[in-house]
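Novice: What shape does this take:
(one chain, ligands or ions: 1)
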Amino acid sequence: MFKPVEIAPGIYSVGCRDWDIRDFHGYSTYEGTSYNAFLILDEKNVLIDTVKKEFAQELLDNISKIIDPSDIDVVISNHTEMDHSGALTAVMERIGKEKTVLCSKMGLKNLNSHFPGKLNLRAVDNGEELNLGKRTLAFMETKMLHWPDSMFTYVKEDKILFSSDAFGQHYAGDCAFDDEIGDKVMDHAAKYYANILLNYSSRVQTLLKSVQESGLEIGMICPDHGVIWRDNPGAIIARYDEWSKQDGVKKAVIIFDTMWKSTATMAREVAKGIESRDVHVRLMNTRKCHRSDIMTEVLDAKALVVGSPTLNNGIFPVVADVLTYIKGLKPQNRMAAAFGSYGWSGESVKILNREFEAMKMDVIHEGLKIQYVPDEADLEKCFVMGQAIADKILDAC
Ligand SMILES: Cc1cc2nc3c(=O)[nH]c(=O)nc-3n(C[C@H](O)[C@H](O)[C@H](O)COP(=O)(O)O)c2cc1C
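Specialist: Take a look at the predicted model:
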């Protein structure tokens with residue numbers, strides 16, 4: 001299903017596509033994903049990263065179309081996570097168990113935890129270089145982007161950055177490059193950033209600044225998932241800068257759930273109020289929209305508005321699920337407001353406000369509780385609440 005692609009003279013993309021995966025550790029992958037691995041032919045032949053365990057043979061088959069795997073001299077593990085290291089031991093059996101696997105210092109610890117005593121590991125220093133003959137590799141530690149072991153490998157002569165999971169996208173289509181896939185690549189990349197990297201945004205900012213200051217020239221970025229940025233790597237770097245700053249745009253995301261449609265009716269009226277001020281709004285039912293798609297919408301939204309009925313003195317469980325997920329990804333500089341229908345005790349708005357405070361969000365409205373089914377006057381209150389939220393967003397953006 002996949003053949004190696006020569007991405008630069010003597011440098012090949014040899015990884016595998018996982019066409020059918022639709023749930024990637026809880027992230028919805030409607031177009032599958034790829035596990036990218038790269039082969040560099042030089043006086044020393046190098047393999048950068050491997051693939052998920054079950055794709056080990058496919059990776060070896062791809063390599064074999066170019067060289068005998070046993071002619072690989074060094075393997076580099078930029079990231080320990082199993083989608084890039086799961087095949088390592090099987091691949092090393094074929095390449096030669098005694099051959100060196102280079103990784104970061106944390107990679108050494110983490111790979112040993114995953115595959116105790118099975119690999120001949122050597123940790124490289126941040127900034128260390130490896131001469132391959134015609135080319136030089138430089139290693140850059142990128143701790144917590146997005147695991148403690150993450151690092152980048154840069155080919156100095158070709159100006160190619162092997163960026164591990166950074167700049168990746170879950171996409172397994174026919175395209176190998178940004179110029180082939182077109183504009184939709186940014187939707188995939190935004191979803192990836194929102195769900196995998198958002199909580200490390202301050203580190204992204206630090207990294208981008210240090211890359212800029214060092215004058216590192218980046219001609220091509222090869223992430224471990226999705227297409228390669230060969231045409232315009234500057235475009236994804238600019239988007240990472242924008243996403244990691246988290247300034248937010250004039251947009252509110254309303255997430256809600258409902259048992260008997262009262263909170264849903266309120267949600268629509270709040271949305272109408274927001275939209276009446278020409279502020280963009282997304283209305284997302286937590287039982288109909290996947291949490292990773294909700295997160296993608298939260299990425300650039302200035303405000304998060306949450307609606308939940310009161311259920312057994314609490315909030316609706318699916319709303320709690322999505323909020324837990326959003327909280328973990330630590331969106332910054334956000335406004336928030338809550339609403340919901342209740343029957344007798346009505347705790348949901350108070351609980352949601354507490355959650356917003358725990359998430360360090362700016363609570364811009366005291367919240368709106370409506371008993372049972374909202375009447376005309378209640379719906380007007382929802383509309384006015386939407387307008388008040390929109391006004392705060394317009395003041396801030
Ligand atoms: C199983 C169940 C448990 C409920 N528990 C509470 C509760 O603890 N306190 C409360 O105020 N209302 C409670 N309610 C009432 C709902 O909050 C009320 O019917 C509300 O209007 C539902 O809003 P919805 O139409 O958006 O689902 C409960 C309703 C159900 C079905």
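Novice: Would you tell me which residues of the chain are close to the ligand?
Specialist: 258-263, 309-313, 341-346, 372 (Cβ under 6 Å from any ligand atom). (Glycine included, C-beta is placed from N, CA and C.)
Novice: repeat that with 8 Å
Specialist: 257-266, 307, 309-314, 316, 340-348, 370-373 (Cβ under 8 Å from any ligand atom).
Novice: Which helix or strand contains the residue nearest to residue 361 when sequence neighbours are not counted?
Specialist: Nearest-residue entry for residue 361: residue 336, 3.9 Å, with adjacent residues in sequence omitted and distances by Cβ to Cβ, 6 or more residues apart in numbering. Per DSSP states H and E: residue 336 is located in strand 335-342.
Novice: Quick one: neighbours of residue 179, just the number.
Specialist: 14 (other Cβ atoms under 10 Å).
Novice: correct me, but residue 28 touches residue 294?
Specialist: No: taking Cβ atoms under 8 Å as the definition, residue 28 is not a contact partner of residue 294, at 10.3 Å.
Novice: Between the two, point out the one with more neighbours.
Specialist: Neighbour count, other Cβ under 10 Å: between residue 28 and residue 294, residue 294 has more, with 22 against 16.
Novice: How about residues contacting the helix or strand where that one lies?
Specialist: Assigned by DSSP H and E, residue 294 falls within helix 291-298. The contact list for helix 291-298, computed with Cβ atoms under 8 Å, 6 or more residues apart in numbering, reads 26-28, 187, 190-191, 194-195, 198, 253, 255, 282, 284, 286, 304, 321-322, 325-326, 329, 331, 334.
Novice: go on, stretch 130-137?
Specialist: 40, 42-44, 46, 74, 76, 102, 124, 129, 139, 153-158.
Novice: Report how far apart the opening and closing residues of it are.
Specialist: Chord length of stretch 130-137, first to last residue, is 5 Å (Cα to Cα, to the nearest Å).
Novice: how about that stretch: buried residues?
Specialist: By neighbour count on 16 or more other Cβ atoms under 10 Å, the buried set for stretch 130-137 is 130, 132, 135, 137.
Novice: ranges for the helices of the stretch 51-200 of the chain?
Specialist: 56-64, 82-85, 88-95, 105-114, 178-181, 184-192 (DSSP state H, counting those that start in this stretch).
Novice: any idea which of the ones you listed is most buried?
Specialist: helix 82-85 (a mean of 22; mean count of other Cβ atoms under 10 Å).
Novice: The lengthiest helix in the chain packs against which elements?
Specialist: Scanning the chain for the helix with the most residues, using DSSP state H, yields helix 376-396. When contacts are defined as 3 or more Cβ pairs under 8 Å, 6 or more residues apart in numbering; DSSP states H and E, helix 376-396 packs onto strand 249-256, helix 262-275, strand 301-307, strand 335-342, strand 368-371.
Novice: can you tell which of the ones you listed is closest to residue 9?
Specialist: Closest to residue 9 of those, according to Cβ to Cβ: strand 249-256, at 41.8 Å.
Novice: rewinding a little: select only the buried ones of the residues of the chain next to the ligand in ChimeraX?
Specialist: One line in ChimeraX is enough to select the buried ones among those; burial here means 16+ other Cβ under 10 Å:
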select :257,258,262,263,264,265,266,307,309,310,311,316,340,341,342,346,347,348,370
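Novice: and the residue of the stretch 1-150 of the chain found nearest the ligand, backbone torsions?
Specialist: Taking Cβ to the nearest ligand atom as the measure, the stretch 1-150 of the chain has residue 28 as its residue closest to the ligand, at 25.1 Å. For residue 28, the backbone dihedrals (degrees, to the nearest 10) come out as phi -80, psi 120.
Novice: which residues does it contact?
Specialist: Residue 28 sits next to 22, 290, 292-293 when contact means Cβ under 8 Å, 6+ apart.
Novice: And these, which of them are buried?
Specialist: 290, 292-293.
Novice: and residue 6, how many neighbours does it have?
Specialist: So residue 6, with other Cβ under 10 Å, has 12 neighbours.
Novice: which residues does it form a beta bridge with?
Specialist: Residue 6 forms beta bridges with residue 12, as assigned by DSSP bridges.
Novice: With pLDDT added, can I get the buried ones among the contacts of residue 28 in JSON lines?
Specialist: Output for the buried ones among the contacts of residue 28, formatted as JSON lines (pLDDT from 0 to 100):
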{"residue": "290", "pLDDT": "98"}
{"residue": "292", "pLDDT": "98"}
{"residue": "293", "pLDDT": "98"}
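Novice: Closest to residue 112 out of those?
Specialist: Nearest member of the buried ones among the contacts of residue 28 to residue 112, counting by Cβ to Cβ, is residue 292, at 31.0 Å.
Novice: got a list of what the closest residue to that closest one other than its chain neighbours touches?
Specialist: Nearest non-adjacent residue to residue 292, counting by Cβ to Cβ, 6+ apart: residue 27, 4.5 Å away. By Cβ under 8 Å, 6+ apart, residue 27 lies in contact with 170, 191, 195-196, 292.
Novice: how about the closest residue to residue 294 other than its chain neighbours, phi and psi?
Specialist: Nearest non-adjacent residue to residue 294, counting by Cβ to Cβ, 6+ apart: residue 284, 5.3 Å away. Residue 284 adopts backbone torsions of phi -130, psi 120, taken as degrees, to the nearest 10.
Novice: Distance to residue 88 for the helices and strands packed on helix 376-396 - can I get that in TSV?
Specialist: Shown next, in TSV, are the helices and strands packed on helix 376-396 (distance: least, Cβ to Cβ, whole Å):
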stretch	distance to residue 88
strand 249-256	39
helix 262-275	48
strand 301-307	39
strand 335-342	43
strand 368-371	54
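Novice: Adding mean pLDDT as columns, could you present those in TSV?
Specialist: Conversion of the helices and strands packed on helix 376-396 to TSV gives the following (pLDDT from 0 to 100):
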stretch	mean pLDDT
strand 249-256	98
helix 262-275	98
strand 301-307	98
strand 335-342	98
strand 368-371	98
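Novice: Need the distance between the two termini of stretch 284-299.
Specialist: 14 Å.
Novice: Distance from that stretch to the middle of the chain?
Specialist: 14 Å (Cα atoms, centre = their mean, to the nearest Å).
Novice: Thanks again, I'm all set now.
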